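S.K.: this one's structure only:
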């Protein structure tokens, strides 16, 4: 009987010092924890999206580096081929000039000089030989010029074909790079679209779903519990009895 009066007085004391309307409702008590959980979820989602975006960027950069290496290797190959063609054509032109000079030197070296030329001057044969040599020189000169023209024309044709082949290969690399850029833009657009769709799904799911609280402040057992007040009472039995009275459970003395 004494314990019932004691606990009734304690309940009145707690009711005056801590009125029920001073405590938050279930929704008000759950709102800070729910907001905190939503903030943590948004931060986690943002971190996951940032990691996924970084992974996507890394994969795209790896593909771009592969195309860049291929383009650099192709540029080196073009430079080597261009130098090889230049050296070969230069060697052909030099060989033609050397052959022409050797022919002239041979004709000049075979001309009669000194006493060997004296009988010819008397008979007039050198005059006829000179005319014959001039005729042959003109024929050789025309043949040389025609061959040189054909050689230059062939070199120009080779250069045009080579430049066309290089431009085709370079355009192929540029098309691959442009295609890769379009693919990357589509990947990023799809990534952002998926993120927005998932965010909308999470928001719709959170509106109708029950989010469990960490401490469950609105539960029956803890609705009127005040730990700081209970700590002021001595004795484990009084604390247990007081907890039972607050919870609405009957005591042994009642």
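M.R.: On my side now, so go ahead. Since we're looking at a predicted model, the values are computed, not measured.
S.K.: In the stretch 51-200 of the chain, what residue spans correspond to helices?
M.R.: All helices of the stretch 51-200 of the chain, identified by DSSP state H, counting those that start in this stretch, fall at 118-123, 125-208.
S.K.: which stretch among these comes nearest residue 78?
M.R.: Of all those, helix 125-208 sits nearest to residue 78, with 5.1 Å by CB to CB. Backbone N, C-alpha and C define where each C-beta goes, glycine included.
S.K.: So which of the helices of the stretch 51-200 of the chain is nearest residue 80?
M.R.: helix 125-208 (11.7 Å).
S.K.: Check which helices and strands the closest one is in contact with.
M.R.: helix 26-109, helix 118-123 (3 or more CB pairs under 8 Å, 6 or more residues apart in numbering; DSSP states H and E).
S.K.: would you list these in TSV and tack on distance to residue 157?
M.R.: Formatted as TSV, the helices and strands packed on helix 125-208 follow (distance: least, CB to CB, whole Å):
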stretch	distance to residue 157
helix 26-109	11
helix 118-123	48
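S.K.: Out of these, which is the most enclosed?
M.R.: Highest mean neighbour count of the helices and strands packed on helix 125-208: helix 26-109, a mean of 12 (counted as mean count of other CB atoms under 10 Å).
S.K.: For residue 101, which of the helices of the stretch 51-200 of the chain is the nearest?
M.R.: helix 125-208 (10.8 Å).
S.K.: Could you point out which of the helices and strands packed on helix 125-208 sits nearest residue 152?
M.R.: helix 26-109 (8.2 Å).
S.K.: The helices and strands packed on helix 125-208: which one's closest to residue 142?
M.R.: Once the helices and strands packed on helix 125-208 are compared by CB to CB, helix 26-109 is nearest, at 12.5 Å.
S.K.: quick check: angle from that closest one to helix 125-208?
M.R.: 180 degrees (axes from the mean of the first three to the mean of the last three CA atoms, to 10 degrees).
S.K.: Check which helices and strands helix 26-109 is in contact with.
M.R.: Partner elements for helix 26-109 (3+ CB pairs under 8 Å, 6+ apart): helix 125-208.
S.K.: What's the mean pLDDT across the helix it packs on?
M.R.: Per-residue pLDDT over helix 125-208 has a mean of 84.
S.K.: for the helices of the stretch 51-200 of the chain, which one sits closest to residue 75?
M.R.: helix 125-208 (8.3 Å).
S.K.: Can you tell me how far residue 60 is from residue 197?
M.R.: As judged by CB to CB, to the nearest Å, residue 60 and residue 197 stand 22 Å apart.
S.K.: about what we covered before: among the helices and strands packed on helix 125-208, which is nearest residue 134?
M.R.: Nearest of these (CB to CB): helix 26-109, 11.0 Å.
S.K.: returning to what we had before: dump the helices of the stretch 51-200 of the chain to a markdown table, plus distance to residue 67.
M.R.: Formatted as a markdown table, the helices of the stretch 51-200 of the chain follow (distance: least, CB to CB, whole Å):
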| stretch | distance to residue 67 |
| --- | --- |
| helix 118-123 | 76 |
| helix 125-208 | 5 |
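S.K.: Mean neighbour count, those helices: which tops it?
M.R.: It is helix 125-208: most buried of those by mean count of other CB under 10 Å, with a mean of 12.
S.K.: My read is that residue 159 contacts residue 85, right?
M.R.: Yes - the criterion here is CB atoms under 8 Å, and residue 159 meets it with residue 85 at 7.2 Å.
S.K.: tell me the contacts of the closest residue to residue 64 other than its chain neighbours?
M.R.: Excluding its sequence neighbours, the residue lying closest to residue 64 (CB to CB, 6 or more residues apart in numbering) is residue 180, at 6.6 Å. Neighbouring residues of residue 180 by CB atoms under 8 Å, 6 or more residues apart in numbering: 63, 64, 67.
S.K.: Much appreciated, bye for now.
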